[in-house]
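Peer 1: sharing a sequence plus its predicted fold:
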Amino acid sequence: MGVKGLQTYIENHCPDAQIKVRLDLEAKKFQERSGRRAVLVVDGLSCLHKLYPPEIAWVFGGQWREYMSYLNNFIAAFHKCGIDLVFIFDGTVDRCRRREWARRRLATRNDIAQIFKDIKSHNAEPSGNHTTIVSALGTFTRLALKSLGANVLQTTRDADTEIANYSRCHRCMGILSQDSDYLVYDVTYYSAGALSIDRKNHAVTTYRYERDRLAHHLTMEPQRLPLFASLVGNDYVDFYSLGSWHRQLTQRYSGPVPFVELIPAVARYVQAQGGELDLKVIATEVFGNPERSQTIENSLSSYRMVAAKVVDEEPTAGLPYRRGVARECAKCVNGDHSGLPPPNDPPTTLDPLVLTLSKRRHYKVENMPAIYNILHHAVSECSNTLEDENDATLPSQATIFRSVRERMYGLLFGVGTSSSVDPKGASQDPKSPGTHSNPCSPLTTPSAKRMKVSAPSPGGCGSPRSNHNSTRSTPTSVARTATPTSATRTATPPTLSRTPCTTTATNSRVAMPTLRLGHTAVHEWFVRPWTTLNEPDLRPAAPLTDALGATPRLETLWLGDGTSNDELKMRAFLAVFDSLDIEDKVKELQSDQIVLVVVLHFLIKQSPDTILESFEVDAIIAQAVSLLLYDVNCLKNINVTRVESRAVNLAATLMRGCALANDVNCAAGLAFPLAKGMPWHYFDGKLFHSLYIEAKYGVEGPNLCNKNESSKKQFETLRVIVASGTRMDSTCSRD
């Protein structure tokens, strides 16, 4: 991430710009200088590889309890050094950075293909350079940190600028990251990659990067670094689109230009530009097209920081900004993103109070990040999943859970509510068949009517409905039978049959209007087979009318209270997962069992039958009910004698399903506490894998439960529920 090649260039050719430091001594100096305890801002996604280190097994789907222990020790190590941590995570991907996002995901997909090739060749954990992070790790990490009491925030755009501004506004000691963009900002930047924690001696060491020394080495004024970064290549200006100009600049007319030559050459060009920059002239020289000046301007804007006054108080836990911070800082964290074009308004059918609440919950990590992006930007995205594209028996998780996502979009946008508008513009009669007026009617409480709520502040250029000159920047209308663009796939993906309860646009009793982005459709950016990620897929928002009679209103689910509303939340959650048939049984479960049970029940009902086999269900349930019998060290020391590629794939698919279940729970207004849906309550990758092998070679389900009678009883109970009414129902009662 960041400026292409700059981090490596500094490490190899500019040693003066990096200084090895002990963070406990840095914190002591900071406190002596400022009179305040040191606060370090952690760039969450940039530090994932450091937060989930190589010594924790990653191939089995996640060692979640071991991970929680490691995170707790990580926070404690900094606390002993006199440093408080504030974790900030990207909340979305800016549209002008989507191309680079897609390039990286496609590269990771190639790595994953090699990982499965290695597993199949050696039946062992992959070794070497081909590694990847645990599926859904970025999503679950923010909730893990929050559950440990850490201060965690989510942004409404790519986090770099907001992290830099947060650090400046709150006078933090610095930023911990592995993103060379922070060399361009005027902030103190510490390396996450070089971070070393000596818990025995309570010492934390790393490198501090010096922006002014880098500029001096390049004989360039520091304020020219943003243009320098843009012309070397970053997340906004595609490095590969600069190749021709780079070769011309360095007089290398074939092959890639080594960074040791490129970076000084670009610095000389930038410094020679004189006082006031003419971006059209620069764009003409660089791209041969003056209209590309907007690309450079977007990049420069991303590096602009607010000129905010600072305050002496320390950052308030859980808040994006504090009372007393200058207005400019508040503008930054509320969505004024350095002059980037604002998005169009969110769907007009949504109550402004709901939109404001969704934004507050997003900032404070009280909702899954997907909810804000769907409601405010009509975008849903999913990064790489550790899945085997050559395994024809197990389709991509993006395909398996597609119907669930479509119903979740319908729930969020209110498609199929009792006052929905039909394609001709006439409101549906709330007394007509298939609709219910009471549970799904809008809130009419006096307080809700009197409350004045401003619409959310505009987001960055990440909105697909921004005022860019793009075919994706305005609400889209297509025929109801529209299919994903041909550019997104090169082969026909496997189709999943829908059970009778599954609500789609074609079997709904409510006539579906023409698809309109942000109202009845969502742009999906999902990494899966058959897609090049050149364009998003346009997915319909499906109503819940077949399951519930009418889609419940978001205002009712999010703002209502009382027992009847709690029941409606659970029914909405189950309806999205096509699982209302087990509603009575789910009510009897512990809240930390609901996610796993509902996801398993949904998977068993899907077609083809090879998605999930009976012994695999046994292994998943057995590890869940046995998890509390093991402490963290026992789980860590489980010896997996053989790595099965299908089990690796299945674990990743399961984790994606569980992440989606937490999305749906948030959309339904929290049918159960969000913290109870996290995987450390019900999944351990190595334990699952070891039981998977036993089950595959003939060990019966109850006998997988470590000879613990209580676990066996729980196993039988959960096995009956997940198999209820499915093809596995006949096997649910075993001796």
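Peer 2: Sure, I can see it.

Peer 1: contacts, neighbours, all on C-alpha from now
Peer 2: Fine.

Peer 1: residue ranges in this structure under the pLDDT threshold?
Peer 2: Low-confidence segments of the chain, defined by pLDDT under 70, are located at 1, 306-349, 418-513, 730-735.

Peer 1: mind listing the strands for it?
Peer 2: With strands called from DSSP state E, the chain shows them at 18-22, 38-43, 83-89, 151-154, 174-177, 189-191, 196-198, 203-209, 379-382, 477-478, 515-516, 521-526, 537-540.

Peer 1: same for the first one, what does it pack against?
Peer 2: In terms of contact count using 3 or more Cα pairs under 8 Å, 6 or more residues apart in numbering; DSSP states H and E, strand 18-22 is assigned the packing partners strand 203-209.

Peer 1: alpha carbons only: can I get the strand it packs on in CSV?
Peer 2: Presented in CSV, the C-alpha positions along strand 203-209 are these (Å, rounded to 0.1, in the frame of the first residue of the first chain):
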residue,chain,number,x,y,z
ALA,A,203,10.5,-3.4,25.5
VAL,A,204,8.8,-2.5,22.2
THR,A,205,11.2,-1.5,19.4
THR,A,206,10.6,-0.4,15.8
TYR,A,207,11.7,2.3,13.3
ARG,A,208,10.5,5.9,13.2
TYR,A,209,10.5,7.4,9.7
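
Peer 1: pretty sure Ser579 sits against Val599.
Peer 2: No. The criterion here is Cα atoms under 8 Å, and Ser579 misses it with Val599 at 9.1 Å.

Peer 1: returning to what we had before: let me have the strands of the chain in TSV, extended by distance to Tyr166 and mean neighbour count.
Peer 2: Converted to TSV, these look like this (distance: least, Cα to Cα, whole Å; neighbours: other Cα atoms under 10 Å):
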stretch	distance to Tyr166	mean neighbour count
strand 18-22	23	16
strand 38-43	8	24
strand 83-89	9	24
strand 151-154	11	26
strand 174-177	10	25
strand 189-191	13	27
strand 196-198	25	14
strand 203-209	19	21
strand 379-382	26	20
strand 477-478	39	14
strand 515-516	36	22
strand 521-526	29	24
strand 537-540	34	24
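
Peer 1: nearest to Gly562, of the ones you listed?
Peer 2: Ranking the strands of the chain by their distance to Gly562 (criterion: Cα to Cα) puts strand 151-154 first, at 29.7 Å.

Peer 1: what's the spacing between the closest one and its chain's center?
Peer 2: Computed by Cα atoms, centre = their mean, to the nearest Å, the chain-centroid distance of strand 151-154 equals 14 Å.

Peer 1: ok, stretch 355-367 next?
Peer 2: The answer for stretch 355-367 is 15 Å, by Cα atoms, centre = their mean.

Peer 1: if I look at the residue nearest to Leu691 when sequence neighbours are not counted, how far off is Glu644?
Peer 2: Distances taken as Cα to Cα, 6 or more residues apart in numbering put Ala619 closest to Leu691, at 5.4 Å, once the chain neighbours are dropped. According to Cα to Cα, to the nearest Å, Ala619 stands 13 Å off from Glu644.

Peer 1: neighbour-wise, which of the two wins?
Peer 2: It is Ala619, of Ala619 and Glu644, that has more neighbours when counted by other Cα atoms under 10 Å, with 26 against 22.

Peer 1: in TSV, list the strands of the chain along with distance to Thr161.
Peer 2: Formatted as TSV, the strands of the chain follow (distance: least, Cα to Cα, whole Å):
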stretch	distance to Thr161
strand 18-22	22
strand 38-43	11
strand 83-89	11
strand 151-154	13
strand 174-177	12
strand 189-191	13
strand 196-198	26
strand 203-209	18
strand 379-382	21
strand 477-478	34
strand 515-516	31
strand 521-526	23
strand 537-540	29
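
Peer 1: Glu100: which of the ones you listed is closest?
Peer 2: strand 521-526 (13.0 Å).

Peer 1: helices or strands up against the closest one?
Peer 2: Packed against strand 521-526 by the contact rule (3+ Cα pairs under 8 Å, 6+ apart) you find strand 379-382, strand 537-540.

Peer 1: looking at those, which is closest to Ala215?
Peer 2: Of all those, it is strand 379-382 that lies closest to Ala215, at 37.2 Å by Cα to Cα.

Peer 1: contact partners for Ile235?
Peer 2: No Ile there; residue 235 is Asp. By Cα atoms under 8 Å, 6 or more residues apart in numbering, the residues touching Asp235 are Met1, Gly2, Val3, Arg97, Glu100.

Peer 1: can you check Glu221 too?
Peer 2: Taking Cα under 8 Å, 6+ apart, we find Glu221 in contact with Ala215, Gln271.
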